[in-house]
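Engineer: need a structure here:
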Amino acid sequence: MKFDILTVFPEYFDVLKQSLIGKAIGDGVFDVQVTNIRDYTLDKHKKTDDTPYGGGAGMLMTPDPIARAIEAVDPYHEAWRVYMSPRGKRLSQQKVESLAKEGRILILCGDYEGVDQRVIDLFIDEELSIGDYVLTGGELPALVTVNAVARYIDGVLGSNASTEEESFSNGLLEYPQYTRPEIYRGVRVPKVLLDGNHKEIEKWRLEKSLEITMKNRPDLFENLDVGELLPKKKRKHRK
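Structural biologist: Model (predicted):
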C-alpha cells in the first residue's frame, strides 16, 4: 500500500513518523510520500492561490500547480485519488475498510477556501469528509484518513483482533475496557471480567456496547439489525 499526499504544508505530516504508524512505515509495511504543491507552481514567488471568480471571502488554490503535481506523482492514474473536503462523503468505517483494499491512494489537501473545481472534475475520483465541520485545511483530515486506513494494512497492528473488536467494527461503539490494578481510587473492575467465563464476558461487552451506542450515537441503530448481534441459541436435537 502506498499513500501519496499533496499539500502546501508538508510539515504537517512529520507526525507520521511517530507511534505504530511510524514504525510500520520504517519497516516498509506501507509507504507515504508527501509532495509539496508549491514545487510545481510556475510563479516565481511560489504562489498557489488567487481570488475566486464571482467574488467572495478568502483565496482559492489555482488549478495548474495541483494538476502538474498530480501528473508528476501519478502520471498513469494508478492511484485512487481523494480530495479531502467538508462537502465530501463521510469517512465511515465501511469506507475506511474499502480504501484499505486499494493498492495506492493519492490524497489532495485543499487549503484556504479550497481548490478550483476543475481540479476535482479532471483529476479526483472521490471527495471525502471526516465530519460535519470546517477546518482550515485538508491536512488534518488527510492524517486521519491515513491513520484509519493504515490500521487495516497487515503488519501495522500487532493483532487482527484490534480491528475486529473496536468501535464501529460491528456497527456499535466499543465496550469499556480495564487493566490493572483491580481497584483504583475505590472503583473496582467489573466482576464479570475477572471470573474467566468468556461467554458471560462476551454477553457483558455486547450489553455495554448497546448501552453506550444508545447513549452517545443512537443514530447508528437506524441501519443496524440488533438481532444479528445477539448470540444465537443452539437448537436441541431430538433423540
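
Engineer: from here on, just use CA atoms for contacts and neighbour counts.
Structural biologist: OK.

Engineer: what's the weakest-modelled helix or strand in the protein?
Structural biologist: Least confident element among the helices and strands of the chain, by mean pLDDT, DSSP states H and E: helix 161-164 (a mean of 56).

Engineer: next SSE downstream of that helix?
Structural biologist: Per DSSP states H and E, the first helix or strand lying C-terminal to helix 161-164 is strand 183-184.

Engineer: note down every partner strand of that next one and its orientation.
Structural biologist: The sheet places strand 183-184 alongside strand 187-188 (antiparallel), with pairing taken from DSSP bridges.

Engineer: so Ile107 lies in a strand, does it not?
Structural biologist: Yes: assigned with DSSP: H, G, I helix; E, B strand; the rest coil, Ile107 falls within a strand.

Engineer: can you show me the helices along the chain?
Structural biologist: For the chain, helices defined by DSSP state H occupy the ranges 19-26, 63-73, 93-99, 117-123, 139-150, 161-164, 198-216, 226-229.

Engineer: redo those as JSON lines? Include distance to Ile130.
Structural biologist: Listed next are the helices of the chain as JSON lines, based on distance: least, CA to CA, whole Å:
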{"stretch": "helix 19-26", "distance to Ile130": "19"}
{"stretch": "helix 63-73", "distance to Ile130": "22"}
{"stretch": "helix 93-99", "distance to Ile130": "11"}
{"stretch": "helix 117-123", "distance to Ile130": "18"}
{"stretch": "helix 139-150", "distance to Ile130": "6"}
{"stretch": "helix 161-164", "distance to Ile130": "19"}
{"stretch": "helix 198-216", "distance to Ile130": "18"}
{"stretch": "helix 226-229", "distance to Ile130": "26"}
